[in-house]
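Student: Here is a sequence with its predicted model. Questions after.
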Protein chains: 2
Amino acid sequence: MAPSQNEPDSGTPDESAAAPRGLSRRGLLGFAMGTAGLAVGGGIGLGVGTAAGRAQAAEASASVYDFYGAHQAGITTPVQDHLHFASFDMMARTDRADLIELLQDWSYAASRMAAGLDVSATGAVGGSLEAPPDDTGEALGLSASGLTITFGFGPTLFEADGVDRFGIASKRPSELERLPGFLGDDLQPLLSDGDLCIQACADDPQVAVHAIRNLSRIAFGRARLRWSQLGFGRTSRTTAAQQTPRNLFGFKDGTANILSDDTEALADNVWVASADTPEWMAGGSYLVARKIAMLIETWDRVRLAEQQDIIGRDKGEGAPLSGGDEFTEPDFDKTNADGTPTIPVDSHVRLAHPDMNGGTQLLRRGYNYVDGNNELGRLDAGLFFLSYQRRPQQFIDVQRSLSTDVMNEYIQHIGSGLWAVPPGAAAGSYVGAELFA
Amino acid sequence: MAPSQNEPDSGTPDESAAAPRGLSRRGLLGFAMGTAGLAVGGGIGLGVGTAAGRAQAAEASASVYDFYGAHQAGITTPVQDHLHFASFDMMARTDRADLIELLQDWSYAASRMAAGLDVSATGAVGGSLEAPPDDTGEALGLSASGLTITFGFGPTLFEADGVDRFGIASKRPSELERLPGFLGDDLQPLLSDGDLCIQACADDPQVAVHAIRNLSRIAFGRARLRWSQLGFGRTSRTTAAQQTPRNLFGFKDGTANILSDDTEALADNVWVASADTPEWMAGGSYLVARKIAMLIETWDRVRLAEQQDIIGRDKGEGAPLSGGDEFTEPDFDKTNADGTPTIPVDSHVRLAHPDMNGGTQLLRRGYNYVDGNNELGRLDAGLFFLSYQRRPQQFIDVQRSLSTDVMNEYIQHIGSGLWAVPPGAAAGSYVGAELFA
């Protein structure tokens, strides 16, 4: 299983949006191993058969976001309705060449899926009948559905247990390290961390699931799924046109998020600049994921006034308790007749506000989740928090501010991860190319 | 906590679609118990405050299905994109009056949510600030989203461990009993059975989750959530206008389903007739749920020809292997040059076909699911199969036919349940009223 050179696909005229690079021979081996056990390799890329492409059947109205660009898609992209997030660990005995090849394969397949295509030119049904299909097929007939696929590198990719497996330890940003513990954390190892992460967002959950499933499959023998999370009901907005959604506490969430047209706030708070180090991260960002379980049955029994005091906003309109509408800036100096602050000192909106955190803002892209229920009949539900920031310290500062947040009585952080999200790939290149240059 | 008479809501002009009945005092008690501990009761139905109703904010284009009618909604209704299914057990020491009151409360709340409204007139934000809100609020601003809520009664509701808890043992249909074991079953108790079930389907998952969450809450002290399941990517269609979706094997699923305008097939196969017994089930149906784990990583390594032989259809178009297009009837007599059947004798389409099952058809409404992944990095994914039929024996016959299905190598039934789904409620009445008449 020696790494091999990528060979260009033959391609078809309607696939100009996809990269010229093909999947590596190694990336295709996973398809053939196992019960069927037939060799493929040579058959790939020849495109026999009907090749019922996804794009042909797709609805014309759906959003399509280019995978390639200065920044990775899926950060400032208008937040889609559904999430499938996955964390991976590199397998034992993999080396630098394996990692590079995996990133090339992933980028190639991601660029195709973002365009509404199968993972390869032969795809789900265009290959040999005597080989397993390259693509698993459940997205046939579905549009691109606004799919974005965003890759991140965890601290352990650079160095784990003192071993520099991939020859990149010297390139680790000093701030890329496991997040510190926070008051009240109850983190589960199998909901936390990982050498690599992939955030797949789409307006159709089947399209997001198809992406993670096929990228997991392409990783065969090189990286293994560590943990994963489905989410629905985005809890943020990244454009002014998007309505502010609600989290499972029933409150609007994401009102004050950084919007994609706020170039200055993005430069200050989200994008790593060329002046920052290391250089390979210029145009990238740092991604924090936190799985936050909500004790919703307990929350639901809190009287409305107390719920609003905890959040610092009214439940109906989302206006700050100091008055106005949803988009009115909170007035933290306003007091009640008895002299107490109208927006309580331990309210979430106050503690999370940039004014209380040295001007720091995070770009949030979280989702609601429900993972069934526990044995007491309570829903296993909460918020899968995702935020992008220029420096991990931004999240750390805000999270420490929240240590006195009364909301902590109703939540529990059970998963956590930090990843360096490199800049976007140039067309035909791959995510992370600068790291290995 | 004695049961009390339901009192009519004051109502508001825009809520004519909802029933005149209000939630019982008992149904509201769950809202007030716990940390806040304040009495409500008197405040309910008075509708003070802004009462930002959901309907006002809703998109006008979304589907709305009436909760009331001859049949329950959610059976022949065009299959929505998302599912939240929940099974409940009645709590110890509950009696007949508790059960009736619960069904009244559930029907009332369901009728409101189906109309795009909160669970009560005061709802999420229209009640007293000093009480927990009646509605949890996460669906504020969302439309009805085609929500249907369908209730079912399990065998154990009628009699459990020889005890007739609710005075209805004599009314149990003889065919309403735990499904027999099938070859290869690996059923988990906490994914199976239950005294009651609720199927919530909607085009927005947050609306389906909101429905189950609020109905669970209303059940406080009377019934407890036993197990629940989220689903996406419907695997059936109930109207000719709906495209046939794909399951996680990548094949079209539901091509030959019973459609909502096929009155004869519905009468023969889905609706319990007046001539059937017992009379209270006339206009109802029997619901089978099966949680079917798919070994998708193994499946994905099967060569395309074998995948197609197992299903009996081609993967691209979904046409039977005997030729034609997706909607061509399979020709089971057609043979290959070597005399073997073109559609293999152990293929799924052959074994499940009405011709092989005495003409029996099931109305299917299943969904794909992904519940994360296991410790080996494999997706915990599959099909949450739901079917409606006039007699449970229809499912039993088809499932027994499938015992030689080669597909069984790639699936595992891990959950199962059977429920009697009563006819729809008359406006202002409740589901199951005929059972207690």
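Tutor: Structure received.

Student: Need the three-state assignment for A:A200.
Tutor: Three-state call for A:A200 (DSSP: H, G, I helix; E, B strand; the rest coil): strand.

Student: For chain B, see how far away A:T238 is.
Tutor: 18 Å (C-beta to the nearest C-beta, to the nearest Å). For every residue, glycine as well, the C-beta is placed using N, CA and C.

Student: which residues sit in contact with the residue in the stretch 201-350 of chain A that chain B sits nearest to?
Tutor: At 2.5 Å from chain B, A:G250 is the closest residue in the stretch 201-350 of chain A, using C-beta to the nearest C-beta. A:G250 sits next to A:Q307, A:K315, B:A124, B:P133, B:D135, B:T136, B:G137, B:E138, B:L140 when contact means C-beta atoms under 8 Å, 6 or more residues apart in numbering or on different chains.

Student: quick one: which helix or strand includes the third one?
Tutor: Using DSSP states H and E, B:A124 maps to neither a helix nor a strand.

Student: I figured it hits B:G141, correct?
Tutor: No - B:A124 lies out of contact with B:G141 (C-beta atoms under 8 Å); the separation is 10.2 Å.

Student: With neighbour numbers in mind, choose between those two.
Tutor: Neighbour count, other C-beta atoms under 10 Å in any protein chain shown: between B:A124 and B:G141, B:A124 has more, with 27 against 19.

Student: residues touching that one, list them.
Tutor: By C-beta under 8 Å, 6+ apart, the residues touching B:A124 are A:G250, A:K315, A:G316, B:A52, B:D118, B:P133, B:D134, B:D135, B:T136, B:G137, B:L140.

Student: ok, the second one to B:G141 distance?
Tutor: When C-beta to C-beta, to the nearest Å is the yardstick, A:K315 and B:G141 sit 12 Å from each other.

Student: can you list the residues of the stretch 301-437 of chain A near chain B?
Tutor: A:301-308, A:314-317, A:368, A:370-373, A:375-379, A:381 (C-beta under 8 Å from any C-beta of the partner chain).

Student: Would you show me how to pick out the buried ones of those in PyMOL?
Tutor: Typed into PyMOL, the line below selects the buried ones among these, using 16 or more other C-beta atoms under 10 Å in any protein chain shown:
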select buried, chain A and resi 301+302+303+304+306+307+308+314+315+316+317+368+370+371+372+373+377+379+381
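
Student: any chance you could map the strands in chain A?
Tutor: Assigned by DSSP state E, the strands in chain A fall at A:82-90, A:148-153, A:196-202, A:223-234, A:285-294, A:363-364, A:367-373, A:379-389, A:411-421.

Student: name the helices or strands packed onto the second one?
Tutor: In this case it means strand A:148-153. On a contact count with 3 or more C-beta pairs under 8 Å, 6 or more residues apart in numbering or on different chains; DSSP states H and E, strand A:148-153 meets helix A:96-114, strand A:196-202, strand A:411-421.

Student: now the angle from the shortest one to helix A:96-114?
Tutor: Read it as strand A:196-202. Going by axes from the mean of the first three to the mean of the last three C-alpha atoms, to 10 degrees, strand A:196-202 is angled at 0 degrees with respect to helix A:96-114.

Student: and the angle from strand A:196-202 to strand A:285-294?
Tutor: 70 degrees.

Student: swap in the first one?
Tutor: Following the same axes, to 10 degrees, one obtains 70 degrees for the angle between helix A:96-114 and strand A:285-294.

Student: Could you pull out the buried residues of helix A:96-114?
Tutor: For helix A:96-114, by 16+ other C-beta under 10 Å, it's A:98-114.

Student: Give me the most central residue, chain A.
Tutor: Nearest to the mean C-alpha position of chain A, by C-alpha atoms, centre = their mean, lies A:Q199 at 2.9 Å.
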